[in-house]
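S.K.: okay, structure incoming, though there's no sequence with it:
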């Protein structure tokens, strides 16, 4: 089985349009085969978005592993932040570009990048519903490397299911970050990691 964090150029397209309502706003997203949660915006992403304090957010935001773009687009539509959305999956990035236009977002852009490979600036927020299936080593790499791409007071905000190692991740990452669990809901932990 191909994973959504890889590129399968032989995967047949089955593009569809889904709807998502969040904070009394209606969003529409094109999704397709080969991207994460193609039938609806997943619970983890919804929990993550509900934990964000849009009123206090400003500056530059990186949505890493953006998929078809729900996190970056919702953040961009509710703040004045400049949002960069990245993914290794070229189909996901193509969909994100379409969804930025579809939802009339003018403060977001996309970059194809394997983790931070094509990232060359620093961000006030790095936000992610990280792909757990990349494995613990790569997941921890994604999280620890974030320090190099955060501003002095920057924050990494991620969502992880408690059944997929949220508690051990918090414990393991406490040597790199000051950690605060800002929301626990539907078995998901939204974790705020700030540089020590």
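M.R.: Arrived safely. Owing to the predicted nature of the structure, the values given are computational and were not obtained by experimental measurement.

S.K.: only C-alpha atoms from now on, for both contacts and neighbour counts.
M.R.: Fine.

S.K.: Provide a list of residues in contact with the residue nearest in space to the middle of the chain.
M.R.: Closest residue to the average C-alpha location of the chain: residue 128 at 2.9 Å, with C-alpha atoms, centre = their mean. Under the criterion of C-alpha atoms under 8 Å, 6 or more residues apart in numbering, the contact partners of residue 128 comprise 63-66, 71, 157-159.

S.K.: from residue 190, how far out is it?
M.R.: Here the distance between residue 128 and residue 190 works out to 10 Å (C-alpha to C-alpha, to the nearest Å).

S.K.: so where is this structure shaky, pLDDT-wise?
M.R.: When the per-residue scores of the chain are filtered using pLDDT under 70, the ranges that remain are 1-10, 196.

S.K.: which strands or helices does the lengthiest strand in the chain pack on?
M.R.: The longest strand of the chain (DSSP state E) is strand 150-161. Applying 3 or more C-alpha pairs under 8 Å, 6 or more residues apart in numbering; DSSP states H and E, one finds that strand 150-161 contacts helix 43-51, strand 123-128, strand 188-195.

S.K.: paired strands for the second one, with orientation please.
M.R.: Strand 123-128 pairs in its sheet with strand 60-64 (parallel), strand 150-161 (parallel), by DSSP bridges.

S.K.: which residues does the longest one contact?
M.R.: With C-alpha under 8 Å, 6+ apart as the test, strand 150-161 has contacts from 44-45, 47-48, 122-130, 146, 166, 187-195.

S.K.: and these, which are buried?
M.R.: Applying 16 or more other C-alpha atoms under 10 Å to the contacts of strand 150-161, the neighbour count classes 44-45, 47-48, 122-130, 146, 166, 188-195 as buried.

S.K.: residue 142 against residue 115, yeah?
M.R.: Yes. Proximity of residue 142 to residue 115 meets the contact threshold set by C-alpha atoms under 8 Å, at 6.5 Å.

S.K.: what ranges does the protein have for its helices?
M.R.: With DSSP state H applied, the chain shows helices at 43-51, 70-78, 90-102, 136-145, 166-173, listed in chain order.

S.K.: quick revisit: now tabulate the helices and strands packed on strand 150-161 in a markdown table and tack on distance to residue 33.
M.R.: Shown next, in a markdown table, are the helices and strands packed on strand 150-161 (distance: least, C-alpha to C-alpha, whole Å):
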| stretch | distance to residue 33 |
| --- | --- |
| helix 43-51 | 19 |
| strand 123-128 | 21 |
| strand 188-195 | 25 |
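
S.K.: of all those, which lies closest to residue 93?
M.R.: Using C-alpha to C-alpha as the criterion, the shortest distance between residue 93 and these is 15.0 Å, found for strand 123-128.

S.K.: got the angle for that closest one vs helix 70-78?
M.R.: Direction vectors for strand 123-128 and helix 70-78, defined by axes from the mean of the first three to the mean of the last three C-alpha atoms, to 10 degrees, enclose an angle of 140 degrees.
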